[in-house]
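A.B. asks: need a 3D model of the following:
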Amino acid sequence: SSWGGYVFLINLIPLHVLALMITGRFSHRIHIAYSTVYSLGTLLSMQISFVGFQPVQSSEHMAALGVFGLCQIHGFVDYLRSRMSRDQFNLLFKSLVLFSTAIAFGAAAVATALGKISPWTGRFYSLLDPSYAKNNIPIIASVSEHQPTTWSSFYFDLQLLVFMFPVGL
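C.D. replies: Numbering: from 1, shown residues only. Okay, the predicted model is just below:
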């Protein structure tokens, strides 16, 4: 439960769901599946004492929460679209988008200012700039897993296969 690599997965799944929304391949089945996975996953992970309230307070988990919220909004918009005329829907949709965006950014700013949402971490900055951790966080720079592998290590592990794999032997 102390391994930080789970954050990669908890952000990769929402990224896939967001891509499905953008490309128009989002469906009711994906809505149900992601909502179930996010809800149960968050509730169950919060039962681990090490994790605690991080899934709802940490900035590393906000992408999953944001996509969960977008799923609910997408379902609500689909429901409204089926019940209203096209002109009424367009007017309501534009109004709700502007209002919701203003409220969401305001709430995020207030929550961050009050300390309810933690600030961005070095792991996030490393996604934007891969050299960030090496230059600014010495403990990460000292871990051998984060260093490039030497060619001699490849040769000792793979022997002659290093030279044979380009030709398919």
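A.B. asks: how about the helices in this protein?
C.D. replies: 6-23, 28-45, 54-57, 62-83, 86-113, 122-128, 132-136, 138-142, 151-158, 161-164 (DSSP state H).
A.B. asks: any idea of the mean pLDDT for the third one?
C.D. replies: Throughout helix 54-57, pLDDT has a mean value of 82.
A.B. asks: now that helix: buried residues?
C.D. replies: Across helix 54-57, burial judged by 16 or more other Cβ atoms under 10 Å covers Q54, P55. Every C-beta, even on glycine, is put in place using the N, C-alpha and C of the backbone.
A.B. asks: hey, C-alpha coordinates of it in PDB?
C.D. replies: The C-alpha atoms that make up helix 54-57 are tabulated as PDB, following Å, rounded to 0.1, in the frame of the first residue of the first chain:
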ATOM      1  CA  GLN A  54      -5.400  11.000  -0.200                       C
ATOM      2  CA  PRO A  55      -7.700   9.900  -3.000                       C
ATOM      3  CA  VAL A  56     -10.000  12.900  -2.400                       C
ATOM      4  CA  GLN A  57      -7.400  15.500  -1.300                       C
END
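A.B. asks: distance of V17 from K116?
C.D. replies: 25 Å (Cβ to Cβ, to the nearest Å).
A.B. asks: ok, these two, which is more surrounded?
C.D. replies: Between V17 and K116, V17 has the larger neighbour count (other Cβ atoms under 10 Å), namely 23 against 13.
A.B. asks: quick one: residues contacting the more buried one.
C.D. replies: Going by Cβ atoms under 8 Å, 6 or more residues apart in numbering, V17 touches F26, I30, Y34, V67, C71.
A.B. asks: repeat the analysis, applying 10 Å as the threshold.
C.D. replies: 26, 30-31, 33-35, 37-38, 64, 67-68, 70-71, 74 (Cβ atoms under 10 Å, 6 or more residues apart in numbering).
A.B. asks: do the same with T150
C.D. replies: Here T150 is in contact with F156 (Cβ under 10 Å, 6+ apart).
A.B. asks: could you number the chain from 18 rather than 1 from now on?
C.D. replies: With the count now opening at 18, the last piece we talked about shows up as T167.
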